[in-house]
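Student: A structural model of the following input is requested.
(one chain, ligands or ions: 2)
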Amino acid sequence: MVPVSVGQAGNVSGLLLSLILSEQVQNRTDSVDFGPSQLWCHRFAGLRSYATPHSQFFAPSEGIMLPAGSYNNKVAFITGGGTGLGRAMTGVLSQLGAQCVIASRKLEVLQQTATEISSQTGNKVHAVQCDVRDPQAVSRCVDQMVELTGLPDVIINNAAGNFICPSERLSANGWKSITDIVLNGTAFVTLELGKRLIQNQKGASFLAITTIYAESGSGFVVPSASAKAGVEALYKSLAAEWGRYGHRFNIIQPGPIRTKGAFSRLDPTGTFEKSMIGRIPTGRLGKPAELANLAAYLSSDYASWMSGAVIRFDGGEYVSMAGEFNELRKVTDDQWKMLETMIRSTKGS
Ligand SMILES: CC/C=C\C/C=C\C=C\C(=O)SCCNC(=O)CCNC(=O)[C@H](O)C(C)(C)COP(=O)(O)OP(=O)(O)OC[C@H]1O[C@@H](n2cnc3c(N)ncnc32)[C@H](O)[C@@H]1OP(=O)(O)O
Ligand SMILES: NC(=O)C1=CN([C@@H]2O[C@H](COP(=O)(O)OP(=O)(O)OC[C@H]3O[C@@H](n4cnc5c(N)ncnc54)[C@H](OP(=O)(O)O)[C@@H]3O)[C@@H](O)[C@H]2O)C=CC1
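Tutor: Numbering: from 1, shown residues only. Ligands and ions are numbered 1, 2, ... in the order given. Okay, here's the model as predicted:
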């Protein structure tokens, strides 16, 4: 055994500290190099990526996974289907043969998405305006859907609102705006459709899109964390209660996937993206198409035995943040040699 002096021990902690500091400096440099507006253009034009070299082992497969026609004669209702992940899920379900109904507040956005997707897939996509915070609006939206397509086979509760904000700066209305969309909105849609499906003795698959911090909680997005946790409790409860009516309930917890809606409100300057990717073991963000394939599987007949499931879909980010010693990924081989020598040279307690 080689004895290690206090000086060496100091070097090791110094090295660890400098590793952490240099990362912070690097992050600062990034935000100085690219001013917020410039960065914004780059990020949403997809011109910039922080993906790590090892992400090459985890290259995304963005083609459609299920066999063609898997959703023939099915109707899918997707809240927030006009943008981001909702749009990606609508695209995949439509490509697989579903007739889709997308609903949110901005009718023009929905109509544009509906036209684009249906012209690509040849299947009908209907746009219905609906603010999910208003139970009467939800009821009217379902009336409209029944006229257009009949009751759905698949319901995806995807609509959400979110912004980062220290909780001491949050107004009561700020809290309400998020929890009303996420928890009440999901509940209103689920109860309205659930009751009508039960009356009509029709089975269905319900899917909710939550987030990894629904489980852990997270500072600075407290209304979202609280509401998403509520959505998970709602879905797990109904999985137990409404199986007898032919209803399945599943949940996907995505990690970060670049969409304008999420990133503009959660990382407006682009400062956090690099550190986010640094802690994701697969070294990159998720892709909307990857989430859409998982959603299509969970909502399909191939998953008819899945209910009450909570699927974390985050490239490993959650476990990476949870493990107390995971920061040791940053220790180099030479530093490991020193650390091992120090540990082995310790005698007694
Ligand atoms: C980087 C990604 C990594 C991980 C992602 C993990 C999870 C992601 C979860 C998501 O949900 S991402 C999806 C995000 N998408 C959206 O948020 C789209 C829809 N959002 C909106 O429409 C708005 O942002 C909204 C949520 C604020 C709702 O809009 P609305 O017009 O209804 O609200 P108001 O503008 O009237 O505001 C209501 C209330 O909130 C206060 N408020 C608004 N923004 C902020 C803010 N940034 N900070 C503090 N407070 C805010 C606003 O002042 C109002 O309160 P008062 O009346 O002033 O008291
Ligand atoms: N992207 C990511 O990294 C992650 C996203 N998620 C979840 O994925 C889902 C989709 O998010 P994403 O695609 O990124 O973001 P978007 O902002 O693109 O999607 C949110 C959608 O919700 C709709 N919406 C908001 N408020 C209401 C309302 N009151 N009534 C009806 N619809 C409403 C919006 O449409 P409109 O404005 O027209 O109403 C919009 O289409 C959300 O549930 C989000 O929490 C979870 C983890 C990570």
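Student: break this protein down into its domains, please.
Tutor: The chain resolves into domains spanning 12-47+331-344, 54-322 when parsed by automatic domain parsing.
Student: quick one, which of those is packed in tightest?
Tutor: Per-stretch averages of neighbours, counted by mean count of other C-beta atoms under 10 Å, single out domain 54-322 among the domains of the chain, with a mean of 19. (Glycine included, C-beta is placed from N, CA and C.)
Student: how far off centre is that domain?
Tutor: Relative to its chain's centre, domain 54-322 lies at 8 Å (C-alpha atoms, centre = their mean, to the nearest Å).
Student: quick one: it near ligand 2?
Tutor: Yes - remark: domain 54-322 sits within contact range of ligand 2 at 79-80, 82-86, 104-106, 109, 130-133, 158-161, 181, 185, 209, 211, 254, 256-257, 259, 261-262, by C-beta under 6 Å from any ligand atom.
Student: so Ala76 sits against Gly97, correct?
Tutor: No - applying C-beta atoms under 8 Å as the test, Ala76 and Gly97 come out as separate, 10.1 Å apart.
Student: mind checking the SS state of Glu62?
Tutor: Going by DSSP: H, G, I helix; E, B strand; the rest coil, the secondary structure assigned to Glu62 is coil.
Student: for it, give me its contacts.
Tutor: With contact taken as C-beta atoms under 8 Å, 6 or more residues apart in numbering, Glu62 is in contact with Lys287, Ala289, Glu290.
Student: then Gly84?
Tutor: Counting by C-beta under 8 Å, 6+ apart, Gly84 touches Thr259, Lys260, Gly261, Ala262, Pro288.
Student: OK, contacts around the third one?
Tutor: When you say that, I think you mean Gly261. Residues touching Gly261, when contacts are defined by C-beta under 8 Å, 6+ apart, comprise Thr83, Gly84.
Student: that one and Ser300, how far apart?
Tutor: 26 Å (C-beta to C-beta, to the nearest Å).
Student: output the domains of the chain as CSV; include the columns mean pLDDT.
Tutor: What follows is the domains of the chain, written out as CSV (pLDDT from 0 to 100):
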stretch, mean pLDDT
domain 12-47+331-344, 51
domain 54-322, 98
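Student: ligand 1 is nearest to which of those domains?
Tutor: Taking C-beta to the nearest ligand atom as the measure, these were each checked against ligand 1, and domain 54-322 came out nearest at 2.8 Å.
Student: just the strands in the stretch 101-250 of the chain please.
Tutor: Along the stretch 101-250 of the chain, the segments classed as strands by DSSP state E, counting those that start in this stretch run 125-129, 154-157, 204-209, 247-254.
Student: to Gly217, which of these lies closest?
Tutor: strand 247-254 (13.0 Å; C-beta to C-beta).
Student: in TSV, list the strands of the stretch 101-250 of the chain along with distance to Pro166.
Tutor: TSV is the format used below for the strands of the stretch 101-250 of the chain (distance: least, C-beta to C-beta, whole Å):
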stretch	distance to Pro166
strand 125-129	34
strand 154-157	28
strand 204-209	25
strand 247-254	24
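Student: got those as CSV, with distance to ligand 1 columns?
Tutor: Written out in CSV, the entries for the strands of the stretch 101-250 of the chain read as follows (distance: least, C-beta to the nearest ligand atom, whole Å):
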stretch, distance to ligand 1
strand 125-129, 14
strand 154-157, 12
strand 204-209, 8
strand 247-254, 7
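Student: Leu66 and Tyr297 touch, don't they?
Tutor: Yes - judged on C-beta under 8 Å, Leu66 makes contact with Tyr297 at a distance of 6.5 Å.
Student: in helices, which of the contacts of Gly84 fall?
Tutor: Secondary-structure check on the contacts of Gly84 using DSSP state H: residues within helices are Lys260, Gly261, Ala262, Pro288.
Student: excluding its backbone neighbours, what's nearest Ser218?
Tutor: With C-beta to C-beta, 6 or more residues apart in numbering as the measure, Ala225 is the residue that lies nearest to Ser218, at 4.9 Å, once sequence neighbours are left out.
Student: please apply the same query to Leu193.
Tutor: Spatial nearest neighbour of Leu193, chain neighbours left out: Ile155 (5.6 Å); criterion: C-beta to C-beta, 6+ apart.
Student: what's near enough to touch the one you found?
Tutor: With C-beta under 8 Å, 6+ apart as the criterion, the residues that contact Ile155 are Ala76, Phe77, Val189, Thr190, Leu193, Ala204, Ser205, Phe206, Leu207.
Student: which residues does it bridge with?
Tutor: When assigned by DSSP bridges, Ile155 has beta-bridge partners Phe77, Phe206.
Student: for Glu340, see how far away it is.
Tutor: Shown here: Ile155 relative to Glu340, a distance of 54 Å by C-beta to C-beta.
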